[in-house]
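Asker: below is the structure, and that's it, no one-letter string:
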């Protein structure tokens, strides 16, 4: 059975917030889309819920944290995302719930995005490959925080701290979801996405992927997605529409 065609996402917005669990989560598929958007003059802010400190077996977390933060800041800069926030929650043991929604809601209220981009939060990547618990927790919490941020009676203590409600999130996009219905043409920015992934050198080396080729890996995902969109390369997203007051 042929995969169904994908629709182009609505790009009539100016500000996006990317909320993911770890440094490198954006780069394994969506960084080329970010490069496209910043090239259009849009503002894209990154929020890393953890600092990825549990991601390199050979490095103790206190050392790994700084390495991964530095790599993420450099990687984001390559695709034009100049603001990267780290919430500092513990890597590998994130739990979906009120506290995670609260932390993300504060970032949404601060940056006031129209679009929130997060990672696939389904149980698998399609087929039998399981997703990581951190990805599932953050994606679900980001989807809920998009609505929480607009309700002044949810996490009202944040408003005392100088933030105001923000109900302007139009959609939440989950990158790489097996239930994706939309996509973004990344043909012109594919190479910058590759460069952005390659910037996570310490992490990739720490995984023991001696023969890992960032271009080959990303093309293996972006070309089939592009064929469903009618382009050479593309990044896929599951799109959630937010209806305020519903």
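Answerer: Sure thing, it's come through. What you see is a predicted model; the values in this text were computed from it and never measured.

Asker: ok, the closest residue to residue 50 other than its chain neighbours - contacts?
Answerer: When the adjacent residues along the chain are set aside, residue 50 lies closest to residue 91, with 3.9 Å between them (CB to CB, 6 or more residues apart in numbering). For the C-beta atoms, the positions are set from N, CA and C on the backbone; glycine is no exception. When contacts are counted by CB atoms under 8 Å, 6 or more residues apart in numbering, residue 91 is found next to 21-22, 50-55, 61, 134.

Asker: restricted to buried residues, select those residues in ChimeraX.
Answerer: Here is the ChimeraX command that selects the buried residues among those (16 or more other CB atoms under 10 Å):
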select :21,22,50,51,52,53,54,55,61,134
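
Asker: quick check: helices, which of the contacts of residue 91 are part of them?
Answerer: 61, 134 (DSSP state H).

Asker: and of the contacts of residue 91, the nearest to residue 119?
Answerer: residue 21 (6.9 Å; CB to CB).

Asker: give me the pLDDT for that closest one.
Answerer: We have a pLDDT of 98 for residue 21.

Asker: where's the spatially closest residue to it that is not a sequence neighbour relative to residue 141, distance?
Answerer: Using CB to CB, 6+ apart and skipping residues adjacent in sequence, the residue nearest residue 21 is residue 134, 3.9 Å away. Residue 134 sits 11 Å away from residue 141, taking CB to CB, to the nearest Å as the criterion.

Asker: mind listing what the nearest residue to residue 230 once chain neighbours are set aside touches?
Answerer: Closest residue to residue 230 apart from its sequence neighbours, by CB to CB, 6+ apart: residue 5 at 7.6 Å. Residues in contact with residue 5 (CB under 8 Å, 6+ apart) are 228-230.
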